[in-house]
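A.B. asks: Fold the stuff below for me.
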Amino acid sequence: MSSHDSSAHRLPMRAQLALGAGTLARTASRILGRGSGGMIGGEVASRIYPNILSELAVPMDSVIVSGTNGKSTTNRFVRAALETAGQVASNVNGDNMGSGIITALMSTPTAPHAALEVDEMHVPAVAAHVSPKVFVFLNLSRDQLDRVGEIGSVERRLRQAVEENPDSLVVANCDDPLIVSAACEARNVVWVAAGAGWGDDSVAYPRGGRVVRDSDSWHLIEAFLGEELPELRQRPTPDWTIGNIDLMPEGASGPSAILYGPNDVRVPLHLQLPGRANLGNAAQAVAAAVALGIDPQVAANAIGQVRQVAGRYSIHDVDGRRARIMLAKNPAGWQEAMTMVDPRVKQVVIAVNGQVPDGQDLSWLWDVDFSVLSASDDRRIVACGERGADLAVRLEYAGIHCDLAPLPMDALKLLEPGKVEMLLNYTALRDFKVILDARQKSATGR
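C.D. replies: Numbering: from 1, shown residues only. All right, here's what the predicted structure looks like:
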């Protein structure tokens with residue numbers, strides 16, 4: 001349960017005015033069709049009362065979830081687990097910078113808990129306001145280099161947040177050396193063996209030395225780290241591990257596993273969402289929920305009920321094509337998302353845009369191993385999106401023949417009725433979801 005009493009905290013008068021104005025702006029944005037209001041509400045409120053985020057966060061025990069891939073999914077898992085103990089304030093649509101987080105807290109100001117997805121570069125700033133009980137650090141890899149910069153600068157931001165919030169518990173993925181570097185000096189750290197499918201961005205250790213991987217573990221060589229932190233020379237011993245993994249259990253829509261934790265905890269985990277990576281996300285979410293007093297089996301059961309995340313993994317019928325949409329936004333994300341493609345499905349759509357939120361430099365496409373998509377000789381693949389031609393060239397060089405269409409909806413029209421797996425990067429998924437929502441609204445008259 002929350003250590004705070006939300007009913008006892010009264011906002012200053014100016015903060016109440018800011019809250020009212022922000023709520024009005026958010027509502028107006030929705031009514032006028034200008035968006036969900038996930039950013040504008042917080043922007044207006046913070047202009048009126050710059051300290052509004054700190055005031056709203058006072059009565060809440062907050063969890064900050066960050067990392068390159070899996071933020072939205074893990075945050076949704078954390079929210080589901082915490083909702084077993086009451087209301088949870090959360091930025092459910094992925095508005096993960098300051099204004100979006102203010103809007104999330106404004107929406108449920110009396111909630112005892114907050115589950116907050118935070119952009120990696122904004123973690124120190126947000127943490128300074130919300131004083132999180134728990135950080136959840138997932139993984140780090142290249143993403144939007146033209147906006148974020150090299151991965152070392154991101155690791156330093158997470159490390160800064162740990163240093164500035166010494167009382168926070170850090171739930172960290174011990175399989176990712178970059179995350180270990182960011183979290184290792186935390187006073188309170190819980191290590192989770194969440195997995196690290198992509199290792200190309202963690203060859204060098206930020207604190208010195210070269211990472212050498214050995215099966216499921218790793219260690220450092222030529223590491224001049226000093227004797228005060230000898231544990232940094234190798235993967236920390238995990239507090240939480242995942243075993244008995246079955247990625248495609250008979251009759252189930254997602255993977256299953258056993259989650260092993262401290263004090264002989266042994267929890268069955270059955271997910272609705274696909275992929276090995278989501279088992280790791282779920283394990284870290286359970287660890288975070290347990291840190292806030294939730295029973296591990298209760299947390300796992302709640303997480304197992306999550307079927308989609310802001311439209312991701314959702315299934316839509318488009319003129320007889322039963323399309324499941326998944327997000328893939330950077331080399332690590334693409335590599336993991338392709339393992340989630342059902343090998344029994346013979347039709348795949350891949351869409352890539354190159355807008356600012358995606359990162360305009362798509363040279364990383366040549367780092368991704370697309371060979372997993374050619375597992376079936378009779379599989380039909382359609383590339384599309386604003387940078388669909390670049391993607392098609394990359395696939396052809398990988399020996400994967402594909403068709404080319406302008407947009408995801410055009411790609412679906414080229415395919416036969418039946419199941420379709422769709423891998424879309426950020427703005428491609430966002431724009432396609434707008435079209436799907438409009439079609440549904442037109443069909444239902446609402």
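
A.B. asks: just the helices in the protein please.
C.D. replies: Using DSSP state H, the helices assigned to the chain run over residues 13-31, 40-48, 52-57, 71-82, 98-107, 123-130, 151-164, 177-183, 276-291, 296-303, 331-340, 388-397, 408-413, 426-444.

A.B. asks: In the chain, where is pLDDT below threshold?
C.D. replies: Scanning the chain for pLDDT under 70 picks out 1-9, 30, 32-38, 144-149, 199, 223-232, 375-376, 445-446.

A.B. asks: Grab the most central residue of it for me.
C.D. replies: Nearest to the geometric centre of the chain sits K71, at 1.9 Å (C-alpha atoms, centre = their mean).

A.B. asks: I figured that one was touching N91, is that so?
C.D. replies: No. The pair K71 / N91 is not scored as a contact, 10.1 Å apart, by C-beta atoms under 8 Å. (Glycine included, C-beta is placed from N, CA and C.)

A.B. asks: any shared contact partners between the two?
C.D. replies: By C-beta atoms under 8 Å, 6 or more residues apart in numbering, K71 and N91 have these common neighbours: E117.

A.B. asks: Redo the helices of the chain as TSV? Include distance to H316.
C.D. replies: Compiled in TSV, those are given as follows (distance: least, C-beta to C-beta, whole Å):
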stretch	distance to H316
helix 13-31	22
helix 40-48	28
helix 52-57	35
helix 71-82	19
helix 98-107	25
helix 123-130	33
helix 151-164	34
helix 177-183	34
helix 276-291	20
helix 296-303	24
helix 331-340	17
helix 388-397	20
helix 408-413	10
helix 426-444	5
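
A.B. asks: Report the contact partners of D143.
C.D. replies: Applying C-beta under 8 Å, 6+ apart, the residues contacting D143 are 68-69, 329-330, 333, 359.

A.B. asks: just to revisit the earlier point, tell me how far the residue nearest to the centre of the chain lies from L395.
C.D. replies: 28 Å (C-beta to C-beta, to the nearest Å).

A.B. asks: those strands in the stretch 151-300 of the chain, which residues are they?
C.D. replies: Under the criterion DSSP state E, counting those that start in this stretch, strands of the stretch 151-300 of the chain are mapped to 169-173, 188-192, 210-214, 217-221, 241-246, 256-261, 265-270.

A.B. asks: most tightly surrounded among those strands?
C.D. replies: strand 169-173 (a mean of 28; mean count of other C-beta atoms under 10 Å).

A.B. asks: now that one and strand 188-192, what's the angle there?
C.D. replies: Strand 169-173 runs at 20 degrees relative to strand 188-192, counting by axes from the mean of the first three to the mean of the last three C-alpha atoms, to 10 degrees.

A.B. asks: Strand 169-173 packs against which elements?
C.D. replies: On a contact count with 3 or more C-beta pairs under 8 Å, 6 or more residues apart in numbering; DSSP states H and E, strand 169-173 meets strand 134-137, helix 177-183, strand 188-192, helix 276-291.

A.B. asks: what about stretch 304-313, how long is it end to end?
C.D. replies: One end of stretch 304-313 sits 14 Å from the other (C-alpha to C-alpha, to the nearest Å).

A.B. asks: in that stretch, what's buried?
C.D. replies: 304, 306, 309-313 (16 or more other C-beta atoms under 10 Å).

A.B. asks: farthest-separated two in those?
C.D. replies: Longest distance between any two of these is 19.7 Å, between G304 and G311; criterion C-beta to C-beta.

A.B. asks: Can you report how many residues neighbour E55?
C.D. replies: 21 (other C-beta atoms under 10 Å).

A.B. asks: Can you give me every residue that contacts it?
C.D. replies: Taking C-beta under 8 Å, 6+ apart as the contact definition, E55 lies against 11-12, 15, 49.

A.B. asks: Looking at those residues, which are in strands?
C.D. replies: Assigned to strands by DSSP state E, none of the contacts of E55 qualify.

A.B. asks: Narrow those residues to those that are buried.
C.D. replies: Judged by 16+ other C-beta under 10 Å, buried ones among the contacts of E55: 11, 15, 49.

A.B. asks: mind putting the residues you listed in TSV, distance to M248 included?
C.D. replies: Shown next, in TSV, are the buried ones among the contacts of E55 (distance: C-beta to C-beta, whole Å):
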residue	distance to M248
L11	50
A15	50
Y49	51
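
A.B. asks: Quickly name whichever of those is closest to L292.
C.D. replies: L11 (23.8 Å).

A.B. asks: how long is stretch 244-260 from one end to the other?
C.D. replies: Across stretch 244-260, first to last residue, C-alpha to C-alpha, it's 10 Å.

A.B. asks: one step back: between the helices of the chain, which one is closest to D246.
C.D. replies: Here helix 276-291 is closest among the helices of the chain (C-beta to C-beta), at 10.0 Å.

A.B. asks: Measure how that closest one sits relative to strand 265-270, angle-wise.
C.D. replies: Using the same axes, to 10 degrees: helix 276-291 against strand 265-270 is 140 degrees.

A.B. asks: pretty sure P112 contacts E83?
C.D. replies: No. Contact between P112 and E83 fails when scored by C-beta under 8 Å: they sit 10.7 Å apart.

A.B. asks: In terms of neighbours, single out the busier of those two.
C.D. replies: Neighbour tally, P112 and E83, criterion other C-beta under 10 Å: the higher count belongs to P112, 22 against 17.

A.B. asks: which of the residues in stretch 430-445 are buried?
C.D. replies: Buried-residue list, stretch 430-445, by 16+ other C-beta under 10 Å: 430-433, 436.

A.B. asks: what do you get for stretch 377-390?
C.D. replies: Those buried within stretch 377-390 under the rule 16+ other C-beta under 10 Å are 379-388, 390.

A.B. asks: Check stretch 416-426 too.
C.D. replies: In stretch 416-426, counting by 16+ other C-beta under 10 Å, buried: 419-426.

A.B. asks: Tell me, how many residues neighbour the closest residue to L395 other than its chain neighbours?
C.D. replies: Closest residue to L395 apart from its sequence neighbours, by C-beta to C-beta, 6 or more residues apart in numbering: C402 at 4.9 Å. Counted by other C-beta under 10 Å, the residues lying close to C402 total 24.

A.B. asks: how close does C402 sit to P59?
C.D. replies: When C402 is compared with P59 (using C-beta to C-beta), they lie 53 Å apart.

A.B. asks: And W364, by the same measure?
C.D. replies: 42 Å.

A.B. asks: End to end on stretch 122-139, go ahead and measure it.
C.D. replies: End-to-end distance of stretch 122-139 (C-alpha to C-alpha): 16 Å.

A.B. asks: try stretch 288-301
C.D. replies: 15 Å.

A.B. asks: Name the residues of that stretch that come out as buried.
C.D. replies: So stretch 288-301, judged by 16+ other C-beta under 10 Å, has buried residues 288-292, 294-296, 298-301.

A.B. asks: Repeat that for stretch 391-400.
C.D. replies: 391-392, 394-395, 398, 400.

A.B. asks: Give me the residues contacting that stretch.
C.D. replies: Contacts for stretch 391-400 (C-beta under 8 Å, 6+ apart): 350, 352, 365-366, 368-371, 373-374, 381, 383, 385, 401-402, 404.
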